[in-house]
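Novice: Just a sequence and a predicted model for now, questions to come.
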There are 4 protein chains.
Amino acid sequence: MHDIISIYADSPETDDLTDKQLKIFKSAIELFAKNGYANTSTKEIATNAGVSEGSIFKKFKNKEDLLFSILNPFLRNILPKVVNEFTEETLQTNYDTLTDFVSSILKNRNMFFKENVNALKIFVDEFVYDLKIRDKMIKAIPYQYMKSFNDQVNSFKKRKMIVDWTNSEIFRFIFATLFGYLAEHYFIFESLKWDEDLEMDHTIEFVVKGLQP
Amino acid sequence: MHDIISIYADSPETDDLTDKQLKIFKSAIELFAKNGYANTSTKEIATNAGVSEGSIFKKFKNKEDLLFSILNPFLRNILPKVVNEFTEETLQTNYDTLTDFVSSILKNRNMFFKENVNALKIFVDEFVYDLKIRDKMIKAIPYQYMKSFNDQVNSFKKRKMIVDWTNSEIFRFIFATLFGYLAEHYFIFESLKWDEDLEMDHTIEFVVKGLQP
Amino acid sequence: MHDIISIYADSPETDDLTDKQLKIFKSAIELFAKNGYANTSTKEIATNAGVSEGSIFKKFKNKEDLLFSILNPFLRNILPKVVNEFTEETLQTNYDTLTDFVSSILKNRNMFFKENVNALKIFVDEFVYDLKIRDKMIKAIPYQYMKSFNDQVNSFKKRKMIVDWTNSEIFRFIFATLFGYLAEHYFIFESLKWDEDLEMDHTIEFVVKGLQP
Amino acid sequence: MHDIISIYADSPETDDLTDKQLKIFKSAIELFAKNGYANTSTKEIATNAGVSEGSIFKKFKNKEDLLFSILNPFLRNILPKVVNEFTEETLQTNYDTLTDFVSSILKNRNMFFKENVNALKIFVDEFVYDLKIRDKMIKAIPYQYMKSFNDQVNSFKKRKMIVDWTNSEIFRFIFATLFGYLAEHYFIFESLKWDEDLEMDHTIEFVVKGLQP
DNA sequence: GATGAATGAGTATTCATTCAT
DNA sequence: GATGAATGAATACTCATTCAT
């Protein structure tokens, strides 16, 4: 699973795939990302993968199962990873500055997103598009994973280092800004180059100043 | 065209529609917004509109033509309106404060979005979803409409009232924050109530502080 | 509906059928009877009817709906008709002899079965074959329709004109004998001629003697 | 072949089966009886048998070959056994009474049917359902096996101990009644208990009286 | 102009059968 | 012999589009 997408390393969805099934998996990611789930037929996936249509259904119960095999690792990992990873490392240290906090959320995610653009595209696509799938996704975001985000924010509030708005507003400001950055560079103008470090610095600075009390 | 959606007032797409065709148009907006373009059948549109399926194809060449009749006004107007309207009124006055500038962008758009939620939903859906449609949309955003936004920002930069980042970054920070606000309240958690004035104030404050030099 | 099958005259299932849909209906009866429901594809039905496959699904929700449009008149009428018709006519007269009773059940049904052989074949086929469909059928036989049969039998018991076995046994003896007659002549050796009147007389005599106390 | 089904003892179809193939055979009988031939997939048969799908096709040319391996013993034996077995034992004794004759047909078959319910179900299912299979079955009922039945009946006729109807009518009356008994208890209301001895007595009595001259 | 019956290409999915290991 | 991955033809069903009325 080396050459697909980092998030699928060691995920149960891609564990026991045969060669052909792996081709199907890759083919589906490619086509779902390019044309959307609803606009991609199983026939296309099979042809693009160079296998028979029937082979898809040996491993994947149905088309939706194939979609969720692609999306599940995100449902399980994306928010948790974004929110938690750094706190686990640094729960003791406790962020001294708001900059450190925001920076670790935004900056450290850079690599992650770059490696998973296609799958992320599908994630966003379906989240936006399909009500049924959206609900399934929202329910799949475990509430507990929001806890460490809240803990950190509350700690800053106590120390008067952040504005006294609701945590969900603060959450929104951070992630909308991140989403704008990602959308512009990875989704909308995919081919244009940009100065990553500089823009990321600006993004952090924008958020930090915006959230200062 | 009073009771549909403000953006369609005086647009050529809805000019010469008969009564039945208008019903089709409204029905399509409603269903596309709710279920997505690909998940809405022409039969549903017809039934929901109380007309026969055949009637759809008298006015609209095909299903895609119906979609673009809904989206074209956005392609022509949405960004221009968002960006320009206020400058036309106020180009002479020249905003004294960054708050005024940001506030007029965010606050004044409130009504506009609220009136066009459904059509906007379709716009976002298809923008995110369909490559062909996305390209058509991007090309349809006339560069010249960005001019007045740039003029305003450059003026602030001269007066050292805004950070010295690229205009496209500044544009992104403002609109990503706006998009986050809209997405949360109109797309994701549509049914939850919130304190509009307060959150809008916070949103303006966040952007203004974030963009201060 | 003149030339199909008598039971469908005036039944809601065949009321508003277009010409082509009628062809589909007839085609389905023919093929279901010949090859069985599970062995008949919608494509075959359409081809045999000389229409497009899609036309089937305009009128009939799905293949099972088509099957039950054929079978429902039986579920509604067959047992009731067999059991009731004569009692309604003759409830006052009260059968004087067991022969009259048995005879009216067996004899009067002759015409009915001859006219509906094909549909009846399907009925028997699916009753025997598909558990799900069998359950649906058993539930669809209204219990109340058994009442008049029981009333008659109980009346004979009081007058000591019939054996004192359970009604369900008596029911079984009558209908198994009838079924044997029908099966032999209409299902198994369809093409052989036989002396209807004579065999029917024997059949009645067999049942009557068998049920005498 | 001890624990499968009595009729398969010593039949060539089950002679040289390996362990796994025997499991397949049993599994197929079970599933065909429960769900019907057409509704049972080879995958199900394999899974239920705990072997691989491919193994089925090592012994059995195809699915139909598997079906006929189950049915052939019936085609060869069922009617002959039903009709003949007792006569071989008892041809000399010559039945003194019609009751003895009918009783030996009906009563002695009890055990046989109880032991072979499942395979018999498949037999009836496919007989009713599939024209091709039905023809194959009818041809497989060797006329000569009817001989001993005819001999017995003719003997009764000479002695004026039975009605003077055609032998095929008499045959039908006996077996239709038997079939009704079996159908009710083994096929239709499988789970309900009943008083076997009593109902069997009634059944014999019904047939005997019905056939008395 | 409006209808809705009819079409037929297209969809996801199933399944008996093959065959390389 | 045994396996189960792979096949591809077949299946029920959908849907945008056409056209006679």
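Specialist: Here it is on my side, so go on. Numbering: from 1, shown residues only, chains lettered A, B, ... in the order given.

Novice: Give me every residue in chain A lying close to DNA strand E.
Specialist: Applying CB under 7 Å from any atom of the strand, we find that chain A lies next to DNA strand E at A:40-43, A:53-54, A:56-57, A:61-64. Yep, even glycine has a C-beta here, placed from its N, CA and C like the rest.

Novice: go again using 6 Å as the cut-off
Specialist: Contact residues of chain A with respect to DNA strand E, defined by CB under 6 Å from any atom of the strand, are listed as A:41-43, A:53-54, A:57, A:62-63.

Novice: Drop anything exposed from the residues you listed.
Specialist: Among the residues of chain A next to DNA strand E, the ones that count as buried by 16 or more other CB atoms under 10 Å in any protein chain shown are A:42, A:63.

Novice: for the residues of chain A next to DNA strand E, which one is nearest B:P73?
Specialist: Nearest to B:P73 among these is A:S41, at 31.7 Å by CB to CB.

Novice: In strands only, show me the residues of chain A next to DNA strand E.
Specialist: By the criterion of DSSP state E, membership of the residues of chain A next to DNA strand E in strands covers no residue at all.

Novice: And for the closest residue to A:Y129 other than its chain neighbours, the neighbour number?
Specialist: Here the nearest residue to A:Y129 in space, its sequence neighbours aside, is B:G36; by CB to CB, 6 or more residues apart in numbering or on different chains that works out to 5.1 Å. B:G36 has 20 neighbouring residues, counting by other CB atoms under 10 Å in any protein chain shown.

Novice: my read: B:G36 touches A:I133, true?
Specialist: No: the criterion here is CB atoms under 8 Å, and B:G36 misses it with A:I133 at 10.4 Å.

Novice: Tell me the secondary structure of A:K160, please.
Specialist: Secondary structure of A:K160, reduced to three states by DSSP: H, G, I helix; E, B strand; the rest coil: coil.

Novice: Using the three-state scheme, assign the nearest residue to it once chain neighbours are set aside.
Specialist: Once flanking residues are discounted, A:K160 sits nearest to A:P213: 6.0 Å by CB to CB, 6+ apart. Under three-state DSSP, A:P213 falls in the coil class.

Novice: how far away is A:P213 from chain D?
Specialist: Here the distance between A:P213 and chain D works out to 64 Å (CB to the nearest CB, to the nearest Å).

Novice: Give the burial count for that residue, as a bare number.
Specialist: Counted with other CB under 10 Å, the neighbours of A:P213 add up to 12.

Novice: Give the full set of residues in contact with the closest residue to DNA strand F within chain A.
Specialist: Of the residues in chain A, the one nearest DNA strand F is A:G54, at a distance of 2.0 Å by CB to the nearest atom of the strand. When contacts are counted by CB atoms under 8 Å, 6 or more residues apart in numbering or on different chains, A:G54 is found next to no other residue.

Novice: Next, give phi and psi for the residue nearest to A:Y129.
Specialist: phi 90, psi 150 (degrees, to the nearest 10).

Novice: next one: A:F60
Specialist: Taking degrees, to the nearest 10, you get phi -110, psi 130 for the backbone angles of A:F60.

Novice: Let's see the pLDDT reported for the nearest residue to it once chain neighbours are set aside.
Specialist: Spatially, and ignoring its direct neighbours in sequence, A:F60 is nearest to A:L66 (4.1 Å; CB to CB, 6+ apart). According to the per-residue confidence, A:L66 scores 93 in pLDDT.

Novice: Now A:L66: which helix or strand?
Specialist: In this structure, A:L66 is located in helix A:63-90 according to DSSP states H and E.

Novice: how many other residues sit next to A:K59?
Specialist: Neighbours of A:K59 (other CB under 10 Å): 18.

Novice: circling back: what sits against the residue nearest to A:F60?
Specialist: If a contact means CB under 8 Å, 6+ apart, then A:L66 has A:24-25, A:28, A:45, A:56, A:60 as its contacts.

Novice: Wait, the residue nearest to A:K160 touches A:W165, no?
Specialist: No: applying CB under 8 Å as the test, A:P213 and A:W165 come out as separate, 9.8 Å apart.

Novice: quick one: A:D125 from B:D125, how far?
Specialist: Separation of A:D125 from B:D125 (CB to CB, to the nearest Å): 9 Å.

Novice: Name the nearest residue to A:D130, ignoring sequence neighbours.
Specialist: Leaving out its chain neighbours, the residue that sits closest to A:D130 by CB to CB, 6+ apart is B:G36, at 6.6 Å.

Novice: now do A:Y181
Specialist: Nearest one to A:Y181, counting by CB to CB, 6+ apart, is A:T203 at 5.5 Å.

Novice: That neighbour in helix, strand or coil?
Specialist: In the three-state summary, A:T203 is assigned as helix, counting by three-state DSSP.

Novice: Next one, pLDDT for it please.
Specialist: Reading off the confidence values, A:T203 has pLDDT 95.

Novice: show me the contacts for the closest residue to chain D within chain A.
Specialist: Among the residues of chain A, A:K58 lies nearest to chain D; the distance is 10.8 Å by CB to the nearest CB. Contacts of A:K58 were listed using CB under 8 Å, 6+ apart, and they are A:Q21.

Novice: ok, it to chain B distance?
Specialist: Counting by CB to the nearest CB, the gap from A:K58 to chain B is 27 Å.

Novice: Let's see the pLDDT reported for that residue.
Specialist: Confidence at A:K58, expressed as pLDDT, is 91.

Novice: now the helices for chain A?
Specialist: In chain A, the helices defined using DSSP state H lie at A:19-35, A:42-49, A:53-59, A:63-90, A:98-115, A:117-129, A:131-140, A:144-158, A:167-182, A:196-211.

Novice: So which of those is nearest C:F113?
Specialist: Nearest to C:F113 among these is helix A:53-59; the distance by CB to CB comes to 45.2 Å.

Novice: Close to DNA strand F: what parts of chain A are there?
Specialist: Chain A comes close to DNA strand F at residues A:18-21, A:51-55, A:58, as judged by CB under 6 Å from any atom of the strand.

Novice: out of those residues, which are buried?
Specialist: Using 16+ other CB under 10 Å as the burial test, the residues of chain A next to DNA strand F include A:20-21, A:51, A:55 as buried.
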